[in-house]
Every structure is written in C-alpha cells, then in structure tokens.
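S.K.: got a predicted structure here, sequence first:
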Amino acid sequence: MWRITLLRTGKTAVNLKHLFQARRMASGTKYLIDDPNYAWLKELDLQTENEGVFHGQWQANGEYVDSVCPTNGQPIARVRQGTVEDYNKAIVNCQEAWQTFAEVPGPHRGEIVRQIGHALRAKKHLLGKLEALEVGKILPEGEGEVQEFIDVCDYAVGLSRMFGGKVLPSERPGHALLENWNPLGVVGIITAFNFPVAVYGWNASIALTCGNTVLWKGAPSTPLSSVAIQKIMVSVLEANNLPPAVCSMVSAGADVGTAMAKDERMPLLSFTGSTPVGQKVGVMVQERFGKSLLELGGNNAIIVLEDADLDMVVTSALFACAGTAGQRCTTTRRVILHESVYDEVVSRLKKAYGQIRIGDPMEDGTLYGPLHSQQGVDLYTKTIADIKAAGGCIECGGNVIQRPGFFVEPTLVSGLAHDSDIVTSENFVPITYLLKTSSLDEAIGMNNEVKQGLSSSLFTKDVSRVFKWLGPKGSDCGIINVNIPTSGAEIGGAFGGEKHTGGGRESGSDSWKQYMRRSTCTINYSKELPLSQGIKFE
C-alpha cells in the first residue's frame with residue numbers, strides 16, 4: 001500500500017505532480033463513461049463530471065482531475081478535487097454530526113454498519129469492475145476487495161455488542177474500579193491507490209461501530225472508487241435519518257493531507273502509504289499529541305526449507321509475487337530458498353511465470369493486469385537498470401510490454417547479495433529477488449534484516465522449526481505465516497507490521513481499541529474516604 005503522497009516534498013511529490021498534470025485533460029476529451037460499453041458505471045451513480053467532496057452535501061471547489069484507466073491510458077471520468085477550505089468545512093460538519101452519532105447506542109451503530117455491508121453486497125460486482133477499470137486489478141481481486149469491506153462490516157456488527165472495558169478488584173473497601181472506553185470523535189482516514197475500498201472499510205467499519213465519525217481522503221488517482229463508495233455510505237445514513245456528514249470525504253492532494261495531519265480537531269489519523277511519507281505524517285501528528293495509525297511499506301519474504309512441499313511453494317509464491325502486479329503491501333519481494341531446493345524451485349517458478357495470462361483485468365482468465373500508472377512503469381524500468389548495473393541476473397521478465405496502458409513483465413532476479421541496497425529496499429513493482437540459504441537461522445536473519453516488518457512466511461513440515469519461527473528469535477514481522485503466502489490476510493486478525501511498517505493495527509482482534517479512548521474509573525459507594533496504598537493524610 002504505497003505511493004500516496006501527502007507532502008509537497010521530495011521526489012515522490014514531484015512525480016505525482018507530473019501524474020496530475022497528465023491526468024488533467026483538455027476540454028472536449030472523450031470519457032469511457034460515455035461509451036455504451038461502460039454504461040454500467042452510471043449504475044454506481046457516477047457521471048462524466050463528479051464532485052469529489054462530501055460534507056453533508058456534494059460540493060467541491062478545486063480543479064477537475066481525470067481518472068485514467070491503467071489498461072488503456074484512457075480517461076474514465078472527471079472528479080472535482082477539494083481544497084483546504086473544503087476540508088475545513090468538512091471537518092466542522094463531521095464534528096457536528098458526531099454530537100448526534102455519539103449518542104446512538106453501540107448495537108444500533110452496529111446495525112448501521114450491517115446495512116452498509118448489505119448495500120455493498122448489492123453492488124459488489126459493479127464495484128469490483130470499477131476497481132478493475134480504475135486500479136488495474138483483475139476482476140476477481142477487485143470483487144474480493146469489496147468482499148473484504150463486507151466481511152469487516154459483519155465483524156463490526158458483532159463487535160458492537162462485545163467491545164467494552166473491565167471491572168477490576170479495588171484494594172479499597174466500598175470502591176469499584178472500572179475500565180471504560182469512549183469514542184475519540186472525528187477519525188481521519190487516508191488511503192492508497194492499491195486498496196481504495198478495503199482499507200477504508202477496515203477503518204470506517206470499526207471507527208463507526210466505536211462511535212466515531214470519519215473523514216476520508218482517498219488516493220488522488222482513484223477518485224471514482226472513493227465517490228462510488230461514499231455514495232453508498234451516504235444512502236445508508238440518510239435512510240436511517242442520521243446526519244450524512246457522519247461519513248465525510250475530501251478527494252484532494254497533498255495540501256489537504258498535510259492539513260489533516262496537523263489538525264488538532266482530528267484525534268486519530270489512519271494513514272496508509274509509503275514509509276517516507278508515513279514517517280512525516282507520524283511526526284506531524286505527534287507534534288500536536290494526536291494519535292496516528294500507520295500502515296506503511298513491506299519488504300516481505302517467503303522462506304523455503306528443504307522439507308517444504310514444493311508444489312505448495314510454487315503456487316503460493318506465484319500469487320504472492322505476481323498477484324496485483326506486485327502492488328500489494330504484502331507482496332512477496334524476496335524468496336529465500338534452502339540451497340538443496342534452490343535450483344528446482346527457481347526452475348519451476350520460471351516455468352509458472354511463463355504461463356501467467358497477462359491482459360485486460362476485466363476479461364475472464366486474466367491473472368495479471370497493468371501497473372496503476374506510468375509512475376509505476378518508470379520505477380520498474382529504473383529498478384531493472386539498477387539490478388543489471390549491480391550484476392543481477394534477470395531469470396525471467398525484465399521488460400516493459402509494448403501495448404496500450406501500463407504493462408510490465410513480472411520479473412524474477414537472482415545473483416544479488418541478500419544485504420545489498422537493491423534487495424533490502426522496497427520496490428512497489430512485480431520484481432522478486434531469489435536468495436539462497438543454508439539454514440533456518442540464516443534465513444531468519446535475512447528475513448529480519450530489512451527495515452520493514454509487515455509480512456513473512458515459512459514453508460516447512462517440521463513443527464519445531466515452526467515454533468522457532470513464531471517465537472522471540474523468529475520473524476520480527478506483524479504477520480507471521482506458515483505454509484501460506486505473505487499476502488491474503490484474514491479480517492479476523494489484526495493487520496499491520498513492525499519497524500518501518502509503522503506499528504499500526506487495523507481490522508480484527510483488539511484493533512478497535514485504537515479508535516477509542518480508555519478511562520480508568522474509581523467509584524466510591526461507601527461513606528468512608530480511604531486513600532490507596534494505605535496512605536494516611538489526617
């Protein structure tokens with residue numbers, strides 16, 4: 001989950017500026033939404049020109065930006081971006097809506113979230129097609145991402161009747177000691193292009209259930225997905241006679257992102273994006289003593305030991321490395337192979353890569369679509385050049401595909417040292433490094449030597465090795481898998497990572513606690529006034 005730019009600093013911001021310029025089309029441009037083949041977009045209540053701000057009503061005052069289809073490079077439709085002034089109006093209205101929403105009982109809030117999930121189910125296929133068209137994901141992955149939002153809604157419904165504090169034993173007679181949880185207020189959510197639906201869903205479903213209102217800034221390059229989801233949220237709120245600004249949205253660029261990070265009216269900001277930008281976000285939020293939930297980069301590894309089921313390894317690695325064209329935060333970037341199986345696995349992976357069906361992500365049978373933008377293609381090209389300059393061997397792939405859109409070949413690379421700058425630096429393109437190891441201990445060291453700590457996986461049949469991998473001297477990641485790939489986390493567990501991945505946790509387990517404030521409450525129901533620790537003050 002990478003490549004969202006919040007600040008107007010550094011190389012990424014410059015590249016995104018160029019991307020925006022390329023997406024601002026001249027008047028008279030023909031849009032796919034006006035093509036009868038794409039008339040289904042209007043079933044999502046999208047138009048040729050769309051307002052990208054909702055703060056109780058649809059109204060934006062910024063520039064129009066074209067959403068571009070990565071499969072063919074053609075504009076889909078236009079979205080008018082929001083300004084900082086639009087954002088300020090949105091957060092004021094979102095705060096006002098909270099005054100009403102905070103008084104809605106938890107189970108009733110859960111019912112609202114249940115209805116959101118139901119509304120998403122009704123448009124799951126259409127939303128999945130929109131993701132394929134705007135993001136570049138293959139259709140099954142697009143629908144799967146919508147399903148993830150639906151699943152988190154279901155989870156949140158149960159949570160609405162279960163979250164709560166504790167009754168603790170007090171050392172003072174006639175006293176009760178309680179732990180109480182209350183909502184924070186307005187929760188800000190900044191999401192990235194590669195998961196424009198699910199990441200918002202993880203955050204919004206839990207935040208709403210906990211009694212917060214939400215203000216969403218989606219990725220500037222996927223504004224149609226944001227608008228379509230926002231309209232579903234609004235329809236449910238209005239049907240329940242709740243202030244629609246409970247779920248507000250501002251589609252905008254770096255200026256609004258910076259305003260959110262610095263705004264004391266926003267007690268929690270959830271940010272999904274690159275590690276460099278996330279670090280800046282975390283600092284700005286901390287400077288105002290706010291709370292941040294950071295989901296940043298991942299340089300994930302699969303370790304394959306000599307006793308592994310190699311059929312399972314190849315199938316898992318194929319999806320984890322090449323799925324979503326390498327644009328998942330949990331994508332496998334490194335495959336660490338025991339020296340005894342290295343040659344066989346590399347040979348089988350190369351054969352499997354040669355059979356990947358590349359094409360239009362909306363067509364049946366396609367397994368691998370385009371990168372999201374020209375920016376991704378440029379990064380791919382630069383990384384391939386760096387690999388060759390460093391003496392790496394391109395085992396397969398390594399080329400830009402000459403066709404409309406932003407297509408590149410999924411690539412396997414060998415011959416680089418495990419601790420080289422190229423291997424230990426996260427890229428967000430479909431390039432995987434093949435590394436050799438002689439032992440589990442060495443492989444664990446290689447897994448842990450990168451700065452990120454998101455997802456990791458070990459393939460073995462040895463139970464003792466499994467528990468070493470899960471233990472204190474094993475993987476240092478937030479997600480530690482055995483005999484499954486690094487991608488494809490379930491919503492019931494907490495999702496997130498350690499180190500430069502940011503430390504945030506979203507979705508399941510006790511992640512809900514990040515969206516609430518905890519109070520320790522002591523109630524004296526006696527007629528005495530004893531002090532704790534036996535202190536006498538008389």
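M.R.: Received it, and whenever you're ready, just let me know what you need.
S.K.: write down the beta-bridge partners of Ile523, one by one.
M.R.: Residues in a beta bridge with Ile523, per DSSP bridges, are Ala176.
S.K.: what's the local residue count around it?
M.R.: Neighbours of Ile523 under the rule other CB atoms under 10 Å: 11. For the C-beta atoms, the positions are set from N, CA and C on the backbone; glycine is no exception.
S.K.: in which helix or strand would I find the residue nearest the centre of the chain?
M.R.: The chain has Val199 as the residue nearest its centroid, 4.5 Å off, counting by CA atoms, centre = their mean. Assignment of secondary structure by DSSP states H and E places Val199 within helix 198-209.
S.K.: in the stretch 151-300 of the chain, which spans are helices?
M.R.: Taking DSSP state H, counting those that start in this stretch to define them, one finds helices in the stretch 151-300 of the chain at 198-209, 223-239, 254-262, 275-287.
S.K.: adding mean pLDDT and distance to Pro404 as columns, could you present the ones you listed in TSV?
M.R.: What follows is the helices of the stretch 151-300 of the chain, written out as TSV (pLDDT from 0 to 100; distance: least, CB to CB, whole Å):
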stretch	mean pLDDT	distance to Pro404
helix 198-209	98	28
helix 223-239	98	20
helix 254-262	97	29
helix 275-287	97	30
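S.K.: check the ones you listed for me and report the most buried one.
M.R.: By mean neighbour count, with neighbours taken as mean count of other CB atoms under 10 Å, helix 198-209 ranks first of the helices of the stretch 151-300 of the chain at a mean of 28.
S.K.: any idea how far that helix is from the chain center?
M.R.: Between the centre of helix 198-209 and the centre of its host chain there is 11 Å, according to CA atoms, centre = their mean, to the nearest Å.
S.K.: dump that helix to PDB, restricted to CA.
M.R.: Taking C-alpha atoms only, helix 198-209 is exported to PDB below (Å, rounded to 0.1, in the frame of the first residue of the first chain):
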ATOM      1  CA  ALA A 198     -10.900  -2.400   1.700                       C
ATOM      2  CA  VAL A 199      -8.500  -0.100   3.700                       C
ATOM      3  CA  TYR A 200     -11.300   2.500   4.100                       C
ATOM      4  CA  GLY A 201     -13.600  -0.300   5.000                       C
ATOM      5  CA  TRP A 202     -11.300  -1.700   7.700                       C
ATOM      6  CA  ASN A 203     -11.100   1.700   9.300                       C
ATOM      7  CA  ALA A 204     -14.600   3.100   8.700                       C
ATOM      8  CA  SER A 205     -16.500   0.000   9.900                       C
ATOM      9  CA  ILE A 206     -14.600  -0.300  13.200                       C
ATOM     10  CA  ALA A 207     -14.500   3.500  13.700                       C
ATOM     11  CA  LEU A 208     -18.200   3.900  13.200                       C
ATOM     12  CA  THR A 209     -19.100   1.000  15.400                       C
END
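S.K.: about what we covered before: the residue nearest to the centre of the chain contacts Thr191, correct?
M.R.: Yes: shown here, Val199 and Thr191 form a contact pair, counting by CB atoms under 8 Å, at 4.6 Å.
S.K.: now Cys393: how far from Leu416?
M.R.: Computed with CB to CB, to the nearest Å, the distance linking Cys393 and Leu416 is 8 Å.
S.K.: ok, now Leu371?
M.R.: As judged by CB to CB, Leu371 and Leu416 stand 22 Å apart.
S.K.: more neighbours: which of the two?
M.R.: Residue environment comparison for Leu371 versus Leu416 gives the larger neighbour count to Leu371, 25 against 18, counting by other CB under 10 Å.
S.K.: report the secondary structure element holding that one.
M.R.: When elements are defined using DSSP H and E, Leu371 is found to belong to no helix and no strand.
S.K.: give me phi/psi at it?
M.R.: Note on Leu371: its backbone torsions stand at phi -70, psi 160 [degrees, to the nearest 10].
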